[in-house]
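>>> Here is a sequence with its predicted model. Questions after.
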Amino acid sequence: MRRTKVAELLGATVCGAEVRAAGWVRTRRDSKGGFSFLEVNDGSCLANLQVIAPDTLPNYGDEVLHLHPGASVVVEGELAQSVGSGQAVELKARAVRVLGGSPPVEYPLGKQKVNFDRLRELPHLRPRTNSFGALARVRHVLAQEIHRFFDARGFLYVHTPVITANDCEGAGEMFRVTTLDPHSPPRLPDGTVDFGQDFFGRRASLTVSGQLEGEAYACALGDIYTFGPTFRAENSNTRRHLSEFWMVEPEMAFADLDDDAALAEAFLRHLFGAVLARCGEDLGFFDRRVQPGVVARLERLAAAPFGRLTYTEAVRLLETSGRAFEYAPSWGMDLQSEHERYLAGEVFQGPVVVTDYPEAIKAFYMRRNDDGRTVAAMDVLLPEVGEIIGGSQREERLEVLLEAMRRAGLAPEAYPHYLDLRRFGSVPHAGFGLGFERLVQFCTGMNNIRDVIPYPRAPRLC
């Protein structure tokens, strides 16, 4: 007999069938009537399956009465209509087989409530809790819907390298990849490390973005997207930063900034609508236990029109708001989270796209506008969280790109392949990046980004 998942059993409309279920015991309650109630969960849904284990089972006294939270079991029996409240069906056990016990004193996830800080110390066990089981299911659905969205629009999924010799952002905050002996590396006559003797024959790092490689494929195949891990060696210990996270990065040939913003808007609407449709039970849990109102927020944003304004207009609104911001707004500074939340949450009361940022605060590859001081960049801001997407039209003009690289202190000879795209059949193209964990954080209302990725990586945390 094959195993039937708990989600399928709880959704059954016909009772009386002989079934097999398997999972981990959440609770055991013994009755004076000669049976025990077991709550069993297998991770397929938030709810538990109630198992009625009678004292006539051969192993009732030796094993069933000694089951504690965390123990794993296989149960065979009849699916029956429940006579109690709280569930429509229950499983009347004819056999309970214990696969693995769980000592009650040692198991850290008993009946007591365990806070998120403590659960971060138990990344191997926290998926067994309601919160992290629900997170895993929401994360899965969002990942699947990302692929579904782009596939339906004819985008090709491209796997870009994790190990790279290019710094896409020009920030230098990259994790180095090397096989050299850290205690005695080979050195050049001037005393610096000779990376020519390293595995790749040059400096190599973990990627901060798949964009540069993605542009090459977009400039051959039209519309592509990447969805993979990225790394930032940034010593930041905030609730919104990770050292390893996943990025979604579409790139479109023959597209400008307006096309980019339109794609970002359609993308977010699709994801919000899909997670509402497919994760109702789990989102309801987050709404009740983590952040009240998160479901209503998603419902509102799934249908909300996106506002649009330039960076210059945004700064003017901030300067005349009468609000005492921690960072006083002025033209030329990067917008802070408090500015972004004010614009989206109070001025537009919904999503807003800010465009045309000062060139000095943006990356070298963004297309320079005709005014000579701004670039065709955009950020999508959401109420309560601020930026969720950042993108731009890419600079397709060779001479302008070379000038931008020199201003940024980058050596053009280090980017020959990137420059070739401007030499051989250059076209306007645009794209954006979305941090997947921030999307999951927004959809679930979780406070700390370290709680929305299975194994968080951050300073002093590996």
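That came in fine, so what should we check first?

>>> quick one: contacts of stretch 12-23?
Contacts with stretch 12-23, where a contact means CB atoms under 8 Å, 6 or more residues apart in numbering, come from 1-6, 9, 40-43, 49, 51, 72-81, 89, 91, 99. For every residue, glycine as well, the C-beta is placed using N, CA and C.

>>> and it, how far apart are its ends?
With CA to CA, to the nearest Å as the measure, the first residue of stretch 12-23 is 18 Å from its last.

>>> same thing with stretch 364-380?
So stretch 364-380: terminal residues 20 Å apart, CA to CA.

>>> Average pLDDT for that stretch, rounded please.
For stretch 364-380, the mean per-residue pLDDT is 97.

>>> List the buried residues in it.
Residues of stretch 364-380 classed as buried by neighbour count (16 or more other CB atoms under 10 Å): 364-369, 374-380.

>>> need the helices for this protein, in chain order.
Along the chain, the segments classed as helices by DSSP state H run 6-10, 116-119, 130-152, 211-221, 257-278, 280-289, 294-303, 311-319, 337-342, 398-407, 416-423, 436-444.

>>> ok so, going back, give me the buried subset of the contacts of stretch 12-23.
Once neighbours are counted (16+ other CB under 10 Å), the buried part of the contacts of stretch 12-23 comes down to 4-6, 9, 40-43, 49, 51, 72-73, 75-77, 79, 89, 91.

>>> circling back to that earlier point, so can I have JSON lines of the helices of the chain showing distance to residue 25 and mean pLDDT?
Formatted as JSON lines, the helices of the chain follow (distance: least, CB to CB, whole Å; pLDDT from 0 to 100):
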{"stretch": "helix 6-10", "distance to residue 25": "13", "mean pLDDT": "96"}
{"stretch": "helix 116-119", "distance to residue 25": "19", "mean pLDDT": "93"}
{"stretch": "helix 130-152", "distance to residue 25": "15", "mean pLDDT": "98"}
{"stretch": "helix 211-221", "distance to residue 25": "47", "mean pLDDT": "97"}
{"stretch": "helix 257-278", "distance to residue 25": "28", "mean pLDDT": "98"}
{"stretch": "helix 280-289", "distance to residue 25": "20", "mean pLDDT": "97"}
{"stretch": "helix 294-303", "distance to residue 25": "30", "mean pLDDT": "96"}
{"stretch": "helix 311-319", "distance to residue 25": "54", "mean pLDDT": "98"}
{"stretch": "helix 337-342", "distance to residue 25": "43", "mean pLDDT": "96"}
{"stretch": "helix 398-407", "distance to residue 25": "60", "mean pLDDT": "96"}
{"stretch": "helix 416-423", "distance to residue 25": "56", "mean pLDDT": "96"}
{"stretch": "helix 436-444", "distance to residue 25": "26", "mean pLDDT": "96"}
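
>>> Comparing those, which comes out most buried?
A comparison of those by mean neighbour count, using mean count of other CB atoms under 10 Å, puts helix 436-444 on top with a mean of 24.

>>> Got the domain ranges for this protein?
Domain assignment for the chain, taken from automatic domain parsing, gives 6-109, 130-172+208-451.

>>> would a markdown table of those with distance to residue 194 be doable?
A markdown table is the format used below for the domains of the chain (distance: least, CB to CB, whole Å):
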| stretch | distance to residue 194 |
| --- | --- |
| domain 6-109 | 49 |
| domain 130-172+208-451 | 16 |
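
>>> To residue 119, which of those lies closest?
Using CB to CB as the measure, domain 130-172+208-451 is the one of the domains of the chain that comes nearest residue 119, at 7.1 Å.

>>> For that closest one, measure first residue to last.
Start-to-end span of domain 130-172+208-451 (CA to CA) is 13 Å.

>>> For residue 331, find the nearest of the helices of the chain.
Shortest separation from residue 331 across the helices of the chain is recorded for helix 311-319, at 5.1 Å, computed as CB to CB.

>>> Show me what the closest one is packed up against.
For helix 311-319, the helices and strands in contact under the criterion 3 or more CB pairs under 8 Å, 6 or more residues apart in numbering; DSSP states H and E are helix 337-342, strand 352-358.

>>> Confirm for me that residue 440 is in contact with residue 142.
Yes - applying CB atoms under 8 Å, one finds residue 440 in contact with residue 142, separated by 6.2 Å.

>>> if we can go back for a sec, out of the helices of the chain, nearest to residue 241?
For the helices of the chain, distance to residue 241 was read as CB to CB. The smallest value, 9.7 Å, belongs to helix 436-444.

>>> Would you convert the helices and strands packed on helix 311-319 into a markdown table that also reports distance to residue 280?
Rendered in a markdown table, the data for the helices and strands packed on helix 311-319 read as follows (distance: least, CB to CB, whole Å):
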| stretch | distance to residue 280 |
| --- | --- |
| helix 337-342 | 27 |
| strand 352-358 | 28 |
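
>>> Tell me which of the ones you listed lies nearest to residue 311.
Using CB to CB as the criterion, the shortest distance between residue 311 and the helices and strands packed on helix 311-319 is 4.7 Å, found for strand 352-358.

>>> Describe which strands the closest one pairs with in its sheet and in which direction.
When sheet partners are counted by DSSP bridges, strand 352-358 sits next to strand 307-310 (parallel), strand 374-382 (antiparallel).

>>> and that strand, what's its mean pLDDT?
Throughout strand 352-358, pLDDT has a mean value of 98.

>>> residues in contact with that strand?
Contacts made with strand 352-358 from outside it, assessed by CB under 8 Å, 6+ apart, are listed as 257, 261, 264-265, 306-312, 314, 331-332, 335, 343-344, 369, 373-381.

>>> Residue 103 and residue 68 touch, don't they?
Yes - A contact is recorded between residue 103 and residue 68 when judged using CB under 8 Å, the distance being 7.3 Å.
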